[in-house]
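>>> coordinates only, sequence not included:
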């Protein structure tokens, strides 16, 4: 009886158990055959949950199925947080023995030697053991190594590099993690970048794994269709790509939830847009490990320096792609840069997760939405009443709450979104658009098939309220034409963040005006 396959979200894919695409097809800047032929060392880096481990183990099996070389995957994750080589090197050597045994390749012996040569010794022994075939070692999770452990690890690889060859030392080694080798070295040297003559410069290439393209997503679900007959609409596929931007874990999670939780696992019913929309809401609320881990990154000041300007739309010339903080955020998969959008959060799901994580403290202690009369008899939102209630809340609490905020510049955006999320209480959906340099955040709200448009803008010490208002009116009408071509209630909310404004009374700071078809709120 054939084992039923499913969409994988929990670890490396197994083609006998999971629907999967060949990860090697997504490699950018890599020539796998050349790494073996020319005996090269190389780096593969990509964010978590993008298929690195699946690729490594798949390539290892492919190599070992032939008769030209022996390969083994080795994760060094057990050394996380261990900076003492006397403790970490034995752990790495034991990991090599364990993975060799697990994958059915010859198991190397560990010599009783000191830590500064223990790794190179076991690699030499291993190369000798598999001769006359060359040895290829694929080290995963290298980014967990730190301090003296990373330095000792790289030095021992560098020491064996010159003598690499059959029976002597691995002919090819891959170092795999979230960041490029130079970033590991810089971190290990206390933030000092490696110089061109660094003894660690042994790599030939740095390769990356790309996200799924739209046709990849089509081909992935087509495997389920071929196996079960279940179809999916084009509208649903487009939505999966739009929400994930091809991020593999999100794609698989949406498909898995839609086919195994929203619909019954044995159902042949066609997967429609409504099913993947519900799958997305489930996924966001479930706070799964991968998404929670992204939220934890927001505590890092380096990440805050990148994410906060994206939320506020600030134009910051320091946030170029060569900025180390931006490079870190991109390597982690949190943000992306394109010529069309500039610097943005990588996909709408991450935008939702990151903003919810940042404003969860506000959301959780806001009054119950049932204390407000916000629903109309026809099922629409009384958005005017709701935003008037927000103005009252802002007037009473914003100064105290802002004093405790980490993301102070983005505080107005985060508090307003928390307020809206609390009122909607799962009964609607907020679409967020934000990017560094846009000068605004746009919110498109859907509730019971009714649509509402909100734009948030800031007045800083370098702006005039009049210019910000005029710019905002033009921008929000353009956004409304795109999000709700048939028209929708539209609200421009302007937060005056100039120091001198705080000297004014609240009666002077709070305003409500109608500018044609747009309601303008001052806060």
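Structure received. Predicted, not measured: the structure shown is a model, and the values here were computed from it.
>>> Quick check, pLDDT for residue 189.
Here, the pLDDT recorded for residue 189 equals 50.
>>> Quick one: mean pLDDT for the strand or helix carrying residue 235?
Using DSSP states H and E, residue 235 falls within helix 234-244. Here helix 234-244 scores 97 as its mean pLDDT.
>>> ok, and what's touching the helix or strand following that helix?
Sequence order places helix 248-257 as the next helix or strand after helix 234-244, per DSSP H and E. Identification of contacts with helix 248-257 by C-beta atoms under 8 Å, 6 or more residues apart in numbering yields 6-9, 19, 49-51, 211-212, 217, 220-221, 224, 240-241, 243-244, 276, 279-280, 282-283, 288, 290, 347, 349. Bear in mind the C-beta positions are built from the backbone N, C-alpha and C, glycine included.
>>> One more: stretch 313-323?
Contacts of stretch 313-323 from elsewhere in the structure, counted by C-beta under 8 Å, 6+ apart, are 306, 308-309, 325-327, 330, 337, 343, 409, 434-441, 457.
>>> buried residues in that stretch?
Across stretch 313-323, burial judged by 16 or more other C-beta atoms under 10 Å covers 313, 314, 316, 319, 323.
>>> From start to finish, how long is it in a straight line?
Start and end residues of stretch 313-323 are separated by 18 Å (C-alpha to C-alpha, to the nearest Å).
>>> avg pLDDT for it?
Here the average pLDDT along stretch 313-323 is 88.
>>> ok now it, how far from the chain's centre?
Its chain's C-alpha centre lies 19 Å from the corresponding centre of stretch 313-323 when counted by C-alpha atoms, centre = their mean, to the nearest Å.
>>> Where do the helices of the stretch 201-350 of the chain begin and end?
Assigned by DSSP state H, counting those that start in this stretch, the helices in the stretch 201-350 of the chain fall at 214-228, 234-244, 248-257, 273-286, 289-297, 301-312, 324-331, 348-365.
>>> Could you look over those and pick the most buried one?
Here the criterion is mean neighbour count by mean count of other C-beta atoms under 10 Å, and of the helices of the stretch 201-350 of the chain the winner is helix 248-257, at a mean of 25.
>>> Correct me if wrong, but residue 176 is in a strand.
Yes - Residue 176: assigned to a strand according to DSSP: H, G, I helix; E, B strand; the rest coil.
>>> Distance-wise, check it relative to residue 206.
Distance of residue 176 to residue 206, computed by C-beta to C-beta, to the nearest Å: 11 Å.
>>> what do those two both touch?
Residues touching both residue 176 and residue 206 (C-beta under 8 Å, 6+ apart) are 43, 44, 45.
>>> Next step: the residues you listed restricted to helices.
With helices defined by DSSP state H, no entry of these lies inside them.
>>> and which of these is nearest to residue 360?
residue 45 (30.3 Å; C-beta to C-beta).
>>> quick one: residue 229 and residue 269, what's the gap?
11 Å.
>>> same deal with residue 345?
Separation of residue 345 from residue 269 (C-beta to C-beta): 33 Å.
>>> Between those two, which has more neighbouring residues?
Using other C-beta atoms under 10 Å, the more surrounded residue of residue 345 and residue 269 is residue 345, with 25 against 12.
>>> ok, the closest residue to residue 213 other than its chain neighbours - contacts?
Leaving aside its sequence neighbours, residue 213 sits nearest to residue 246 (C-beta to C-beta, 6 or more residues apart in numbering; 6.2 Å). Each residue near residue 246 by C-beta under 8 Å, 6+ apart is listed here: 210, 211, 212, 213, 214, 216, 217.
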